[in-house]
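Participant: Fold the following and give me the result.
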Amino acid sequence: MIIVAATDFSTRSHRALRQAGLLARSRRAELHLVHVVDEDQPADLVRMEEREAQRVLVEQIGSMPELHDARCYPTVVKGHPFDGILRAAAAVGADLIVMGGHRKQFLRDIFTGTTIERVIRGGKYPVLMVNNEAQRRYERVLVPIDMSETSAEAIRIGLSTGLLEEDGATLLHAFSPMAKTRLISSGASSAVITGYVESERHRAMEELTSFLVTNEFGTRRWSLRVGEGGPMQIITRAVEEKRPDMLVMGTHGRSGLLRALIGSVTEEVLRSLNVDVLVVPPPPAPSSGWRRRQSRPNRRREACRGSSPCRSQGREGRRT
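Facilitator: Numbering: from 1, shown residues only. Next comes the predicted model:
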């Protein structure tokens, strides 16, 4: 396994380096510490910053306890931060990029996105955003899913990197009972409405279980939870109730101005929730006989495609 940990030498980046070091040690992985120097300045100043950055990286490798006994390689590249990080990741064949939580600069974020968001959009690499202090193991993990292939890929990558373990992991699905508003406006009794919602909750749970079996996750001991409401509402509520150490989420392959201005549920999570987040890009498109098994389509999933990691309904489910 090859990990790239990006740093701008801030406190946020220090937390990311420590977490990357712990992960590298536990997985016996290569760890490349990457700092990007802005090349849009005089050449002499660029060279001076390159030398200083190299010195600081070497110093951090020697002084940070979490990096001891890890195979660490300091790397300094020139360019824009997000582009430099992606080039460094491509050069070493990274399996994972680790970054610190971003500074919130509202207007700039709206129109261009933060560095971590641009790395996620522009690359093909799973990205772990570290917001909290380093921990040896993520014990309480929340996985919002919309039962798409992207969600299945997020689970696969979480398992393969060792960041996701079935014990302590909760799979979360949000659903919206489509006919509930119509029942309310037609004057249906509360008993009829409640019965309908519960039947939709049960159907959502069955579809979630089928999704796990189809993607060969069915033999694992997950905790399943479905919640009625919008994706972000259900995710926020679950984070408040369960206090997870980390979220694992897929991101759908949209691009362009629409995504930059509106954003996806994943981007909203990155900006608003103070929790570590592993973001996984869509799997490669099938080619030359290679094909992943698709989960079966359903009406509710069609209603929540795009960037939502959900559309479901419910409360705590059962374990499988």
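
Participant: Helices along the stretch 101-250 of the chain, start to end?
Facilitator: Secondary structure of the stretch 101-250 of the chain (DSSP state H, counting those that start in this stretch): helices at 106-112, 115-122, 149-160, 180-185, 190-214, 231-242.

Participant: Which one of these has the poorest average confidence?
Facilitator: Among these, helix 106-112 carries the lowest mean pLDDT, at a mean of 38.

Participant: Tabulate the helices of the stretch 101-250 of the chain in a markdown table, adding columns for mean neighbour count and distance to Arg47.
Facilitator: All C-beta atoms are positioned from the backbone trio N, CA, C, and that covers glycine. Shown next, in a markdown table, are those (neighbours: other Cβ atoms under 10 Å; distance: least, Cβ to Cβ, whole Å):
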| stretch | mean neighbour count | distance to Arg47 |
| --- | --- | --- |
| helix 106-112 | 11 | 28 |
| helix 115-122 | 22 | 23 |
| helix 149-160 | 21 | 38 |
| helix 180-185 | 12 | 64 |
| helix 190-214 | 16 | 53 |
| helix 231-242 | 18 | 45 |
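
Participant: what's the closest of those to Thr251?
Facilitator: Nearest to Thr251, of all those, is helix 115-122, at 6.1 Å by Cβ to Cβ.

Participant: Please read off the pLDDT at Gly230 from the model.
Facilitator: pLDDT at Gly230 comes out at 87.

Participant: If you could redo that for Arg296, that was the one I meant.
Facilitator: Value for Arg296, per-residue pLDDT: 43.

Participant: partners of the closest residue to Glu39 other than its chain neighbours in the sheet?
Facilitator: Once flanking residues are discounted, Glu39 sits nearest to Lys78: 4.1 Å by Cβ to Cβ, 6 or more residues apart in numbering. Beta-bridge pairing for Lys78 (DSSP bridges): Val37.

Participant: Quick check: which of the helices of the stretch 101-250 of the chain is nearest to Met249?
Facilitator: helix 149-160 (6.0 Å).

Participant: what packs against the closest one?
Facilitator: strand 141-144, strand 246-250, strand 276-280 (3 or more Cβ pairs under 8 Å, 6 or more residues apart in numbering; DSSP states H and E).

Participant: Next, report how far it is displaced from the centre of its chain.
Facilitator: 10 Å (Cα atoms, centre = their mean, to the nearest Å).

Participant: What values do phi and psi take at the residue of the chain positioned farthest from its centre?
Facilitator: Using Cα atoms, centre = their mean, the residue of the chain lying farthest from its centre is Gly187. It sits 41.9 Å away. The phi/psi pair for Gly187 (degrees, to the nearest 10) reads phi 80, psi 20.

Participant: Please list all residues in contact with it.
Facilitator: Shown in contact with Gly187 (Cβ atoms under 8 Å, 6 or more residues apart in numbering): no residues.

Participant: That one and Arg47, how far apart?
Facilitator: 76 Å (Cβ to Cβ, to the nearest Å).

Participant: And for the residue most central in space within the chain, nearest residue in space, chain neighbours not counted?
Facilitator: The centre of the chain sits closest to Val279, judged by Cα atoms, centre = their mean, with a distance of 2.0 Å. Once flanking residues are discounted, Val279 sits nearest to Val127: 4.9 Å by Cβ to Cβ, 6+ apart.

Participant: and the one you found, bridged to which residues?
Facilitator: Beta-bridge pairing for Val127 (DSSP bridges): Ile97, Val279.

Participant: ok, how many other residues are close to it?
Facilitator: Other residues near Val127 come to 24 when the count uses other Cβ atoms under 10 Å.

Participant: wait, isn't it in contact with Ile116?
Facilitator: Yes: contact criterion Cβ atoms under 8 Å: Val127 and Ile116 qualify, at 6.6 Å.

Participant: Spit out the residues that contact these two alike.
Facilitator: With Cβ under 8 Å, 6+ apart as the test, Val127 and Ile116 both reach Met99.

Participant: dump the residue contacts of Gly100.
Facilitator: So Gly100 contacts 7-8, 10-16, 129-131 (Cβ under 8 Å, 6+ apart).

Participant: All set, thanks.
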